[in-house]
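S.K.: Starting from these lines, generate the structure:
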Amino acid sequence: MAQSQQNTGMFGSMSEVKLNELRKMIVGLDTEDLQRLSIFVNDPDAFSQEISGLLPTSIKLMLEKGDISYSVLMPVVESALKDSVKQNPKVLADVLFPIMMPAIRKAVADDLSKMIESLNSTLENSFSPKRLGWRFKSMFSSSSYAEIVLSNAYIFRVKQVFLIHKQSGLLLGEVSDNRSSVTKNSDMVSSMLSAIKDFVQDSFDTKQQNELDTIKVGQFNIWIEQGPHAILAAIVEGNAPAEYRTILKETIEIIHLKQSYELEHFEGDIEVFKKSDAYLESCVISEQKEKKKKRPIIIMLLFAILVGGLVFLLYNSFDSKLRINKLENALRIESGIIITNNDNNNGKIVFEGLRDPLASNPIKFLAIYDVDTSEVVFSFKPYISLEDELILKRAYFVLEPPTSVILSVNNHLLFAEGEADKKWVDMALTNYVKIIGVNSFDITSLLVINNNKTVKKHVNSKKLSIESYYFVFNYNKVKLDSKQEIKFKNFITEVNRLLDFDFSQDSIPVIVVIGHTSYKGNAVANKTVAFERAQQFISLMAEAAIPIEVLVPKTDYIEDTNDEFPVRSVSFKIVYSKPEDL
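M.R.: I've put the predicted structure just below:
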């Protein structure tokens with residue numbers, strides 16, 4: 001007890017200053033610090049206000065250390081934004097207005113650009129007397145058709161621009177085109193516009209996003225663009241283009257961005273908005289018809305000459321190619337000429353191939369198709385053509401027949417018609433073998449003159465005898481094609497010559513018509529078909545006036561007789577018989 005009283009007396013005798021110093025030395029806090037700490041403990045609002053400045057730094061440090069992640073903070077931020085939008089969406093809209101509007105406008109501008117391109121295409125294809133005149137004007141002027149259309153549609157001038165405080169309706173700034181002033185009292189205009197805006201919104205129950213944007217006053221149009229805290233109004237004379245609306249939007253956005261604080265805390269001082277006059281002046285624009293530019297006659301003339309020269313060269317190239325193609329087609333169908341290749345060499349077309357010496361000279365085709373030697377060159381190697389036309393030329397060249405003899409060639413068989421002396425006939429029968437492409441020579445239609453007497457003369461030749469003829473048919477059908485008809489005609493002529501007899505002779509020739517077949521398949525049936533084929537051919541011969549009494553059908557297996565005739569063919573054999581045997 002005595003000790004306690006002693007201690008109390010000791011502290012009681014110490015001054016408050018000394019006690020505070022002793023407390024600070026022991027605890028580290030003085031009296032003010034303890035009182036401040038007591039307030040934080042007992043008053044949560046004071047504590048929250050104190051640490052509010054520390055939270056951003058603390059959160060940043062925690063993110064850097066990895067103690068907390070963005071995924072943890074995101075739900076909190078999203079929840080706060082949702083609550084803010086639900087309570088008052090206008091606050092967030094005002095904050096985002098200077099940032100989001102340019103991005104939205106850019107997206108809309110892209111869509112409008114596509115729409116305008118489509119509209120321009122439609123305009124280009126549309127027709128009216130006025131637009132037809134504009135098209136003619138564009139042809140003889142330095143302006144394009146689209147530029148002329150715009151010059152006739154968008155003639156305007158912005159007279160004045162006002163910046164008005166949205167809440168109070170006071171005029172914050174005003175600029176004009178320095179040539180004339182439409183309004184006498186700008187403050188009155190500002191109040192009027194605010195009153196009209198409020199009247200329209202209140203009277204017609206329009207939604208906030210459907211605010212007034214245009215007012216028609218006589219010959220003037222008032223274009224209005226509204227922001228969260230200010231209104232931009234432009235007095236326009238004439239028809240301004242839609243792009244001018246974008247200029248107004250950009251201006252009101254940049255004013256809100258640069259002077260957002262002044263707009264939100266406006267108390268009547270308009271001097272602070274003088275620095276926005278530069279933005280307002282950018283809205284004072286006009287568009288006039290451009291003065292006609294002097295036409296660059298020399299440049300246009302040179303351009304016309306260049307285009308004309310180019311067109312001339314293209315036409316010449318096309319025409320030359322067309323003429324050369326026609327020449328090539330004519331050479332390809334010409335007998336005795338074979339084109340194997342054509343190349344362009346130093347600006348000339350070189351035709352390479354083969355040419356029979358008796359074929360037509362290709363040079364003569366140049367004049368026909370109007371082709372010059374400077375355009376084409378021929379490089380043909382000689383060869384012997386086996387075409388009937390060239391064989392005939394070769395026959396005339398070798399045999400040199402008189403004018404009374406006509407030669408013809410069919411399927412490598414040479415025919416002579418008309419009349420000739422025996423001397424030429426003997427020479428022709430000797431020399432025809434020298435004609436390349438001729439296998440045999442038929443003079444049965446030729447009248448031979450001997451000692452000024454006309455006699456029917458046939459020079460016998462193994463190749464031209466009846467027994468050298470044969471006809472091949474498909475299966476059991478006996479039908480002559482075009483080549484066989486010519487051959488059959490010559491065959492009948494040969495038969496008539498052979499049958500130049502009378503029945504008073506000791507023996508007469510009999511023609512055995514043989515139908516050839518083989519053992520393959522059904523041998524008996526094959527023989528029956530071959531016999532019918534021989535009978536059918538006899539019917540053809542009878543129709544050609546050959547006496548049926550001297551025609552005898554027969555069949556042979558080619559395996560037995562080793563005949564040189566193919567299967568399904570008809571050949572002939574001559575036998576002599578007495579008339580009474582027939």
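S.K.: burial count for Ser518?
M.R.: Other residues within reach of Ser518, judged by other CB atoms under 10 Å, total 16. C-beta coordinates here come from the backbone N, C-alpha and C atoms, glycine included.
S.K.: Once you drop chain neighbours, what's closest to it?
M.R.: In this structure, Ser518 finds its nearest non-sequential neighbour in Val567, 5.1 Å apart by CB to CB, 6 or more residues apart in numbering.
S.K.: And for the one you found, the neighbour number?
M.R.: Considering only other CB under 10 Å, Val567 is surrounded by 15 other residues.
S.K.: Verify the stated contact: it with Gly521.
M.R.: No: between Val567 and Gly521 there is no contact under CB atoms under 8 Å: 10.8 Å.
S.K.: Need the pLDDT of the residue nearest to Ser518.
M.R.: Here, the pLDDT recorded for Val567 equals 80.
S.K.: what about it, which SS state?
M.R.: Here Val567 is coil, with the state taken from DSSP: H, G, I helix; E, B strand; the rest coil.
S.K.: what's near enough to touch it?
M.R.: Contacts for Val567 were tallied using CB atoms under 8 Å, 6 or more residues apart in numbering; they are His516, Thr517, Ser518, Ile558.
S.K.: again with Ile285
M.R.: The contact partners of Ile285, taken as CB under 8 Å, 6+ apart, are Val158, Tyr244, Ile247.
S.K.: Kindly indicate the member of those with the most neighbours.
M.R.: Val158 (23 neighbours).
S.K.: Nearest residue to it in space, please, no chain neighbours.
M.R.: In space, Val158 is closest to Val284, 5.0 Å off (CB to CB, 6+ apart).
S.K.: Check the secondary structure at the one you found for me.
M.R.: Following three-state DSSP, we place Val284 in the coil state.
S.K.: and the end-to-end length of stretch 374-392?
M.R.: Its first and final residues considered, stretch 374-392 spans 34 Å by CA to CA, to the nearest Å.
S.K.: what residues does that stretch touch?
M.R.: Applying CB under 8 Å, 6+ apart, the external contacts of stretch 374-392 come out as 320, 324, 327, 335-338, 345, 348-359, 362-363, 366, 407-412, 414, 435-438.
S.K.: just stretch 259-271 next, same as before
M.R.: Residues external to stretch 259-271 that are found in contact with it (CB under 8 Å, 6+ apart): 98, 165, 167-168, 170-173, 228-230, 255-256, 272-273, 275-276.
S.K.: ok, back up a step: which among the contacts of stretch 374-392 end up buried?
M.R.: By neighbour count, with 16 or more other CB atoms under 10 Å, the contacts of stretch 374-392 hold 320, 324, 327, 336-338, 349, 351, 353-356, 358-359, 362, 366, 407, 409-410, 414, 435, 437-438 as buried.
S.K.: quick one: which of those residues sit in strands?
M.R.: Among those, the members found in strands (DSSP state E) are Ile337, Ile338, Ile349, Phe351, Gly353, Leu354, Arg355, Leu407, Val409, Asn410, Leu414.
S.K.: ok, the first one - contacts?
M.R.: It refers to Ile337. Applying CB under 8 Å, 6+ apart, we find Ile337 in contact with Leu331, Gly353, Leu354, Arg355, Asp356, Ala359, Ser360, Pro362, Phe380.
S.K.: what pairs with the nearest residue to the fourth one once chain neighbours are set aside across the strands?
M.R.: Spelled out, it's Arg355. What sits nearest to Arg355 in space, not counting adjacent residues and going by CB to CB, 6+ apart, is Phe380, at 3.8 Å. Phe380 has these beta-bridge partners by DSSP bridges: Gly353.
S.K.: how far away is Phe380 from Asp343?
M.R.: Distance of Phe380 to Asp343, computed by CB to CB, to the nearest Å: 14 Å.
S.K.: that older thread, of all the contacts of Ile285, which comes closest to Asn526?
M.R.: Taking CB to CB as the measure, Tyr244 is the one of the contacts of Ile285 closest to Asn526, at 102.4 Å.
S.K.: you'd agree the closest one is up against Gly238?
M.R.: No: taking contacts as CB under 8 Å, Tyr244 lies outside contact range of Gly238: 10.9 Å.
S.K.: Give me the common contacts of the two.
M.R.: Taking CB under 8 Å, 6+ apart as the criterion, Tyr244 and Gly238 both touch Phe156.
S.K.: Can you get me a residue count around Val529?
M.R.: The tally of other residues near Val529 (other CB under 10 Å) stands at 16.
S.K.: Quick check: it touching His516?
M.R.: No: counting by CB under 8 Å, Val529 does not reach His516; the two are 11.0 Å apart.
S.K.: sorry, back to before: for the ones in strands among the buried ones among the contacts of stretch 374-392, give me TSV that also has pLDDT and distance to Arg394.
M.R.: Listed next are those as TSV, based on pLDDT from 0 to 100; distance: CB to CB, whole Å:
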residue	pLDDT	distance to Arg394
Ile337	89	16
Ile338	89	17
Ile349	87	31
Phe351	87	24
Gly353	89	20
Leu354	91	16
Arg355	90	14
Leu407	92	10
Val409	90	9
Asn410	87	15
Leu414	91	10
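S.K.: So which of those is the closest to Gln87?
M.R.: Among those, and counting by CB to CB, the member closest to Gln87 is Ile349, at 88.0 Å.
S.K.: Next up, the contacts around that closest one.
M.R.: Contacts of Ile349 (CB under 8 Å, 6+ apart): Ile324, Asn342, Asp343, Glu375, Val376, Val377.
S.K.: Looking at the residues you listed, which one is closest to Pro56?
M.R.: For these, the closest approach to Pro56 (CB to CB) belongs to Asp343, at 83.0 Å.
S.K.: Helix, strand, or coil at that closest one?
M.R.: Recorded secondary structure, Asp343: strand (three-state DSSP).
S.K.: and the gap between it and Ile363?
M.R.: Separation of Asp343 from Ile363 (CB to CB) stands at 19 Å.
S.K.: repeat for Ile349
M.R.: The gap separating Ile349 from Ile363 is 14 Å, by CB to CB.
S.K.: ditto for Phe351
M.R.: Separation of Phe351 from Ile363 (CB to CB) stands at 12 Å.
S.K.: now Glu174
M.R.: Distance of Glu174 to Ile363, computed by CB to CB: 93 Å.
S.K.: In which helix or strand does the closest residue to Asn410 other than its chain neighbours reside?
M.R.: Residue nearest to Asn410 in three dimensions, not counting chain neighbours: Ile486, with 5.4 Å by CB to CB, 6+ apart. Assigned by DSSP states H and E, Ile486 belongs to helix 482-498.
S.K.: Pull up the pairing partners for the helix or strand just after that helix, direction included.
M.R.: Next along the chain after helix 482-498, taking DSSP H and E as the criterion, comes strand 508-517. In its sheet, strand 508-517 lies beside strand 551-557 (parallel), strand 569-577 (antiparallel), with partners assigned from DSSP bridges.
S.K.: Okay, angle between strand 508-517 and helix 482-498 too, please.
M.R.: Orientation of strand 508-517 against helix 482-498 (axes from the mean of the first three to the mean of the last three CA atoms, to 10 degrees) gives an angle of 150 degrees.
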